[in-house]
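S.K.: Next comes the sequence, and after it the predicted model I'd like to discuss.
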Amino acid sequence: MLDLAGRLREWIEEGREFAVATVVAVGGSAPRPPGAALAVSGDGTAIGSVSGGCVEGAVYELCVQALDDGETRVERFGYSDEDAFAVGLTCGGTIDVMITPFAAGHPGQTPTARRPGETPGRAAGAAGGSTRGAAGESSTASGPSGVPGATGRAAASFAAVSAADRGEPVALARVVRGPAELLGGALLVRPDGTHEGGLGGDPVLDRTAVAEARALLDTGRTGTVELSEDGSYCPGGLTLLVESAVPPPRMIVFGAIDFASALVGAGKFLGYHVTVCDARPVFATRARFPDADEIVVDWPDRYLRGTRTDRRTVLCVLTHDAKFDVPLLKEALRLPVAYVGAMGSRRTHQDRARRLREEGVGESELARLRSPIGLDLGARTPEETAVSIAAEIIAARHGGTGTPLTHTDRPIHAPERQAVPQAV
């Protein structure tokens, strides 16, 4: 639900009631990943998507039902060829969707969980009261400082929404499979390990969830975690969905050339915060790179040593000039970033690799260098080359092969590989 943070925060501040449907598990070829969400307000307004269109109508009706009865529920949608008019995914996969209702509060206040059959605007108070929890089970609610319950769950969820809308890094862990009394339990986790809310079970479960959420937040990933009810790593007891909301990842383009201008556009399209760096002030100008978020005039290696990078950062070296490339790549290949690519011919790459070895760069570090940069698309123009580079970045991020789908039989929407230092 954090991908809808902007609109949801508006609804909260307006005092609207609404229900949020979130993809919590996928199987086979599914169109949207875990964390994708659709929300429906009390007046029928819908935002977001959970399936790209296949089952949106059915999920919309489930949200309306949740607003009426106040129950959190999980529904599965899959492919069926037995009934041509059945609701399902035409792609052949399956998705599990959790629908959570939130009652209206006064404008500016955090909504609480809805009671079954409760009319709009008559939610339980923030200080306590009996509310309807997961799967229709009754649970006692209180504010964030009291016993975890439906109101605390809402408070944690919407504190996460507010933080995400402000651009702050935050993770939201929710129980999406498990005992009825825990379903929908929510825990907000920050990068430093501080947290709000609770999952409603063993305190060890909360501590384990915080550790897992921090790990996913560190890489900017959304994913599921299998745990036991006591918080130990024994799968089968319950499943947590951890949604991460982080500032846009960085793309740093070194070399203010015409290919860089096209790559800046591709990077912005993919959601990166794009910086162009070049030591030559005559080329590193706003007029040449109007779409860049930052333009830096500095020696590339010096700038890289002093700037912020993380495991999602993408570094694209387009200078293909040894006096810039070698000191820069010596620094870059020793950083835990997502991607390091360098432009140049195969002969340039061989000469560059030789120089880097002479500078003490090891073979394992050189193996991280993607050079010549990009996938083999037959690109000629700067724009085509930018698509080639962007395609390689996407493949590195999701564990793709770059092979035409016509020539593969693996699922189109294959599960992502486990996070590794060179993956976004």
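M.R.: The structure has been received and is ready for your questions.

S.K.: And the residue nearest to Leu205 when sequence neighbours are not counted, how close does it get to Val176?
M.R.: Closest residue to Leu205 apart from its sequence neighbours, by CB to CB, 6 or more residues apart in numbering: Gly231 at 3.8 Å. (C-beta placed from N, C-alpha, C; glycine too.) Between Gly231 and Val176 the distance is 16 Å, computed by CB to CB, to the nearest Å.

S.K.: Of the two, give the one with the bigger neighbour count.
M.R.: Ranked by neighbour count (other CB atoms under 10 Å), Gly231 and Val176 place Val176 first, with 25 against 20.

S.K.: I'd guess that one is in a strand, am I close?
M.R.: Yes - Val176 sits within a strand when classified using DSSP: H, G, I helix; E, B strand; the rest coil.

S.K.: Give me the phi and psi angles of the closest residue to it other than its chain neighbours.
M.R.: With sequence-adjacent residues excluded and distances taken as CB to CB, 6+ apart, Val176 is closest to Val24, at 3.9 Å. Main-chain torsions, Val24, degrees, to the nearest 10: phi -110, psi -10.

S.K.: is it true that Val24 touches Val97?
M.R.: Yes - using CB atoms under 8 Å, Val24 makes contact with Val97 at a distance of 6.8 Å.

S.K.: Now do the shared contacts for the two.
M.R.: Val74 (CB atoms under 8 Å, 6 or more residues apart in numbering).

S.K.: If you count surrounding residues, which of these two has more?
M.R.: Neighbours were counted for Val24 and for Val97 using other CB under 10 Å; Val97 has more, 26 against 23.

S.K.: That one: what's it in contact with?
M.R.: By CB under 8 Å, 6+ apart, the contact set of Val97 is 21-24, 50, 59, 62, 74-77.

S.K.: now swap in Gly341 and tell me
M.R.: 315-317, 369-371, 373-374, 389, 392-393.

S.K.: Compile those into JSON lines and extend it with columns for pLDDT, secondary structure and distance to His195.
M.R.: Formatted as JSON lines, these follow (pLDDT from 0 to 100; DSSP: H, G, I helix; E, B strand; the rest coil; distance: CB to CB, whole Å):
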{"residue": "Leu315", "pLDDT": "98", "secondary structure": "strand", "distance to His195": "33"}
{"residue": "Cys316", "pLDDT": "98", "secondary structure": "strand", "distance to His195": "36"}
{"residue": "Val317", "pLDDT": "97", "secondary structure": "strand", "distance to His195": "39"}
{"residue": "Leu369", "pLDDT": "96", "secondary structure": "strand", "distance to His195": "39"}
{"residue": "Arg370", "pLDDT": "96", "secondary structure": "strand", "distance to His195": "37"}
{"residue": "Ser371", "pLDDT": "93", "secondary structure": "coil", "distance to His195": "42"}
{"residue": "Ile373", "pLDDT": "95", "secondary structure": "coil", "distance to His195": "40"}
{"residue": "Gly374", "pLDDT": "96", "secondary structure": "coil", "distance to His195": "41"}
{"residue": "Ile389", "pLDDT": "97", "secondary structure": "helix", "distance to His195": "38"}
{"residue": "Glu392", "pLDDT": "97", "secondary structure": "helix", "distance to His195": "37"}
{"residue": "Ile393", "pLDDT": "96", "secondary structure": "helix", "distance to His195": "32"}
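
S.K.: ok, these vs Arg9, which is closest?
M.R.: The closest of the contacts of Gly341 to Arg9 turns out to be Ile393 (CB to CB; 30.4 Å).

S.K.: hang on, that closest one packs against Leu263?
M.R.: No - between Ile393 and Leu263 there is no contact under CB under 8 Å: 9.9 Å.

S.K.: which of these two has more neighbours?
M.R.: Leu263 (30 against 26).

S.K.: Helix, strand, or coil at that one?
M.R.: Under three-state DSSP, Leu263 comes out as helix.

S.K.: how far away is it from Val387?
M.R.: From Leu263 to Val387 the distance is 9 Å (CB to CB).

S.K.: Parallel or antiparallel, which strands does the host helix or strand of Ile295 pair with?
M.R.: Per DSSP states H and E: Ile295 is located in strand 294-297. In its sheet, strand 294-297 lies beside strand 273-278 (parallel), with partners assigned from DSSP bridges.

S.K.: what's the distance between the strand it pairs with and the middle of its chain?
M.R.: 23 Å (CA atoms, centre = their mean, to the nearest Å).

S.K.: same question, stretch 12-31
M.R.: For stretch 12-31, the distance to the chain centre is 14 Å (CA atoms, centre = their mean).

S.K.: Send me it as CSV with only the CA atoms.
M.R.: C-alpha atoms of stretch 12-31 as CSV (Å, rounded to 0.1, in the frame of the first residue of the first chain):
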residue,chain,number,x,y,z
ILE,A,12,-6.6,10.2,5.7
GLU,A,13,-6.3,14.0,6.1
GLU,A,14,-9.8,14.4,4.5
GLY,A,15,-11.3,12.0,7.0
ARG,A,16,-12.4,9.5,4.4
GLU,A,17,-13.0,5.8,5.0
PHE,A,18,-11.4,3.4,2.6
ALA,A,19,-10.2,-0.2,2.1
VAL,A,20,-6.9,-1.2,0.7
ALA,A,21,-6.3,-4.4,-1.3
THR,A,22,-2.7,-5.5,-1.4
VAL,A,23,-1.0,-8.3,-3.4
VAL,A,24,0.6,-10.4,-0.8
ALA,A,25,1.7,-13.5,-2.8
VAL,A,26,2.1,-14.4,-6.4
GLY,A,27,2.5,-17.7,-8.2
GLY,A,28,3.6,-18.5,-11.8
SER,A,29,3.2,-15.6,-14.2
ALA,A,30,1.5,-12.8,-12.4
PRO,A,31,1.2,-9.3,-13.7
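
S.K.: And the pLDDT at the nearest residue to Arg177 once chain neighbours are set aside?
M.R.: Spatial nearest neighbour of Arg177, excluding adjacent residues (CB to CB, 6+ apart): Thr239 at 3.9 Å. As predicted, Thr239 sits at a pLDDT of 92.

S.K.: can you give me the strands for the stretch 201-350 of the chain?
M.R.: 223-227, 238-245, 250-254, 273-278, 294-297, 314-317, 339-342 (DSSP state E, counting those that start in this stretch).

S.K.: Mind listing what's buried along the helix or strand hosting Glu10?
M.R.: Assigned by DSSP H and E, Glu10 falls within helix 5-14. Across helix 5-14, burial judged by 16 or more other CB atoms under 10 Å covers 5, 7-9, 11-12.
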